[in-house]
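Trainee: can you look at this prediction? I've put the sequence above it.
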Amino acid sequence: MSAAAKSNDLYKWLAALALAIIIPVLFAGSYSLGLITETLIFAIAAMSLDLLMGYGGLVSFGHAAFFGLGAYGTVLLAVKLGFSVWLSALCGISVATVAAAAIGFFCVRMTGVAFLMLTLAFAQLIFSVGVKWRAIGGSDGIGGLVKPDLFLWSLADPLTMYLFTLAIFALVLVAMRRLIASQFGHALVGIRENETRMRAMGFATQQIRLVAFILAGFFGSIGGTLYALYNGFVSPDALSWGMSGMLLLMVVLGGAGSLMGPAIGAGVFLLMKHFVSSHTQHWLLVVGVIFVGCVMFFRQGIWGMLKRQAGGSAP
Amino acid sequence: MKHLLTSTQSRRAVLKGAAASTALAFEGAFGAAIAQGADTIKIGALNVYTKGYGVFGEAAYKGMMLYLDENNGMVAGRKVEILREDDEFNPQVGLQKLRKLVESDKVQVIMGPLGSHVALAMVDYLRANGTPWICTGAGATVLTKLRLPNFFRPTVSNWQVAYAMGEWAAKNLAKDAAIVASDFVTGHDIANSFKESYLKGGGKVVKEIYPPITATDFSAYISDLRASAPGLTYCFFGGTDAARFVKQFDQFGLKGKSTLVGFQSVLDTDTFSGQGKSAVGGISSGIYSELLDTPENKVFVERYRAKYKAMPGIFEETGYSALRCVDEAAKAVGGKIEDRPAFLAAMAKVSFVAPRGPISFDPVTHQAIQNIYIRRAKEENNQIVNEVIDVVRQMGDFPGNKA
């Protein structure tokens, strides 16, 4: 990358950052701010899934397991055992990451539909524990998480929550971009394209896929943890296959394999959900039609279409 | 306005729109003159309107609309706008919708929801936010223990209804019972309240079964019941599950052997249509019966039938009376519903004779003090209705909630 292009890139990022900080001033009402916060949270989760789907070519239908475990860990440890919320959050993320390692150990042996079914099966296992185990709230979920303080500010204030989420989002985005640009990222894409060749070249393809799976679980659980902090509440819904499906939709809608795409997909999906569902109970029908339209007419999702519009023919 | 219109349609639409806006402007000016400049009162009806429980959300909404009809769409002289949001019987969705209603639509009052798990998820947010919250369904006994100053429940507490039945059933029906209840907060709450009171009345519980909330086929559980052959079967299921259970209970031949006893929503107007004759003879406790022989109820039933061509049930009456509570309190503060401390203080003092009978609020817990009726389902003019066979008068909140 030339120096000029690099500084051009830097300006772009600075502009995005400035915009992200100005937005709360424009959207003074805490509702819109909450909506944007939620979008950022789901953007993190969708991006983490994209690491597997877009770059690894592994379509997971059980990503909610890690999202939910992060959320459950945070709420349960803080509410039931009286841990500090920050410590609970770290524990939640650790538990989810360990779970990702354990589940990934089995799942990465498969690809394609077998991988999809296996991830779904594991996620359903965790979901059924969440639904049936009454000590952790059962199907009622569990609430009462007191929003913690961040230095001088309380996360109960929507603006603090937003800025905190934005900071984490930026960190996750930078970390993932680094990962993808690294040798590991290239190897992952290589395995997606031609696993036999990569193996012949001496790459331990299964291990690389496992690392990708664990990392996706780790980043996904960060999203879940933020969701718990934002809601102060978690229910088995966060572990359900519906949640996994929603994350999948976000990735496909925005465009897999681009990081920014799933983030945009998350925004579009949540906005549709919020506004359409207020007007009709059949909101999923509307979302479905739009989804079909996007898949049919925008190759590589909304982000791919935007990029084509902006850069002429470049995808 | 509609999109995607053809040119002639759009011209017509424009004309219509112009006419409508003129009418609106006129009505606005006129209405403002009457209400002396007071704004609309916005009420958020956050409830479940889809899935198996949707019928109850609709029922409460119908009751509210009937009350508005009777009062020219006004509460304390101010126009009312009711904003419906569907919580999908899911706490996470409920919380999202609650935020939207409060922060985006800026409603002054929240009414709903049906699901106790949804209500419990709303507690922290509404405690911090302070918007008056009139519960029109969620019966979790613990809700009135939480002492939210802005929470009022002009409807059932699970404890009231289930506890009233326990002792009565032990004395009048049978001394051995099986309990079957849906495996979530409401199911356990109801089962425990019934059990406590049933044991106190000298009964014995021989079997307890908690099918998952998603169960659709109850045959395995019913075989289990048949094996233990209890004198009565106390059950709680919500929505369409209640209809299914009562039907299967009959189909598997248990109806003649074990008396079917249920929570109010198991055997009520909204479920009878799905249960048919299987419901006949079923005994339930509840805060209301459409056959109550009081002038208030007769007028209510007559008006309800005129508007909707159907019989009202518990949730229809609840929606109706809950909105009347808001109306009474708003009138007491001269329509200034925005003055929260005054409005909440007035809510606590609300007391009137509703179709269900006299209701008032416990000053500490804000639970409605009301009659609990023991009802038996019977067939009358090709319709299943609940006749009142006994009554526990002016039952208060769970004593443990006041401690």
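Mentor: Received, thanks.
Trainee: what's the neighbour count on the residue in the stretch 1-150 of chain B positioned nearest to chain A?
Mentor: Relative to chain A, the nearest point of the stretch 1-150 of chain B is B:Glu103 (3.3 Å; CB to the nearest CB). All C-beta spots, glycine's among them, are computed from the backbone N, C-alpha and C. B:Glu103: 18 surrounding residues under other CB atoms under 10 Å in any protein chain shown.
Trainee: pretty sure it is touching B:Gly44, no?
Mentor: No: the pair B:Glu103 / B:Gly44 is not scored as a contact, 11.0 Å apart, by CB atoms under 8 Å.
Trainee: and the closest residue to A:Met246 other than its chain neighbours, what pLDDT?
Mentor: Excluding the flanking residues, the one nearest A:Met246 by CB to CB, 6 or more residues apart in numbering or on different chains is A:Phe269, at 7.0 Å. pLDDT recorded at A:Phe269 is 91.
Trainee: would you say A:Phe269 is within a helix?
Mentor: Yes: with DSSP: H, G, I helix; E, B strand; the rest coil as the criterion, A:Phe269 is part of a helix.
Trainee: so how far is A:Val276 from it?
Mentor: 11 Å (CB to CB, to the nearest Å).
Trainee: quickly list what's touching both of the two.
Mentor: A:Val287 (CB atoms under 8 Å, 6 or more residues apart in numbering or on different chains).
Trainee: higher neighbour count, the two?
Mentor: Set A:Phe269 next to A:Val276 and count neighbours by other CB under 10 Å: A:Phe269 wins out with 23 against 16.
Trainee: quick one: contacts for that one?
Mentor: With contacts defined as CB under 8 Å, 6+ apart, A:Phe269 is in contact with A:42, A:246, A:249-250, A:253, A:287.
Trainee: tell me which of the residues you listed fall in strands.
Mentor: Per DSSP state E, strands hold no members of the contacts of A:Phe269.
Trainee: adding pLDDT, distance to A:Tyr55 and neighbour count, write these out as CSV.
Mentor: Formatted as CSV, the contacts of A:Phe269 follow (pLDDT from 0 to 100; distance: CB to CB, whole Å; neighbours: other CB atoms under 10 Å in any protein chain shown):
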residue, pLDDT, distance to A:Tyr55, neighbour count
A:Phe42, 97, 19, 25
A:Met246, 94, 20, 22
A:Leu249, 92, 18, 20
A:Met250, 94, 16, 28
A:Leu253, 91, 18, 27
A:Val287, 82, 26, 19
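Trainee: next, count neighbours for residue 58.
Mentor: Answering for chain A, as no chain was given. 26.
Trainee: other chain: chain B
Mentor: B:Glu58 has 19 neighbours, counted by other CB under 10 Å.
Trainee: which helix or which strand is home to it?
Mentor: Using DSSP states H and E, B:Glu58 sits within helix B:54-70.
Trainee: list the contacts of that helix.
Mentor: Against helix B:54-70 from outside (CB under 8 Å, 6+ apart): B:43, B:45, B:47-49, B:74-75, B:80, B:82, B:84, B:86, B:111-114, B:136-137, B:238-240, B:265, B:270, B:303-304, B:307-308, B:312-324, B:327.
Trainee: do stretch B:396-403 as well
Mentor: Residues contacting stretch B:396-403 (CB under 8 Å, 6+ apart): B:141-142, B:144-145, B:157, B:159-160, B:163, B:193, B:362, B:364-365, B:367, B:369.
Trainee: state the mean pLDDT of that stretch.
Mentor: On average, stretch B:396-403 scores 89.
Trainee: and that stretch, end to end?
Mentor: 14 Å (CA to CA, to the nearest Å).
Trainee: I figured B:Asp250 was touching B:Ser278, is that so?
Mentor: Yes: using CB under 8 Å, B:Asp250 is in contact with B:Ser278, at 3.7 Å.
Trainee: spatially nearest residue to the residue nearest to the spatial centre of chain A (excluding sequence neighbours)?
Mentor: In chain A, the residue lying closest to the centroid (CA atoms, centre = their mean) is A:Ala45, at 0.8 Å. Among residues not flanking A:Ala45 along the chain, A:Gly223 sits closest, at 3.4 Å (CB to CB, 6+ apart).
Trainee: all the helices of chain B, residue numbers only.
Mentor: Assigned by DSSP state H, chain B shows helices spanning B:7-35, B:54-70, B:91-99, B:116-129, B:158-172, B:185-200, B:219-228, B:239-251, B:269-275, B:295-308, B:314-332, B:340-349.
Trainee: among these, which comes closest to B:Asn382?
Mentor: helix B:269-275 (11.5 Å; CB to CB).
Trainee: quick check: buried residues in the closest one?
Mentor: The neighbour-count check on helix B:269-275 (16 or more other CB atoms under 10 Å in any protein chain shown) flags B:269-272, B:274-275 as buried.
Trainee: what's the closest of the residues you listed to A:Thr280?
Mentor: Among these, B:Asp270 lies closest to A:Thr280 (CB to CB), at 22.9 Å.
Trainee: and that closest one, what does it touch?
Mentor: B:55-56, B:59, B:313, B:315.
Trainee: and A:Arg109, by the same measure?
Mentor: Neighbours of A:Arg109 in contact, by CB under 8 Å, 6+ apart: A:Gln206.
Trainee: ok, stretch B:177-194 near chain A or not?
Mentor: Yes: using CB under 8 Å from any CB of the partner chain, stretch B:177-194 reaches chain A at B:183-185, B:188.
Trainee: gap between that stretch and the chain center?
Mentor: 18 Å (CA atoms, centre = their mean, to the nearest Å).
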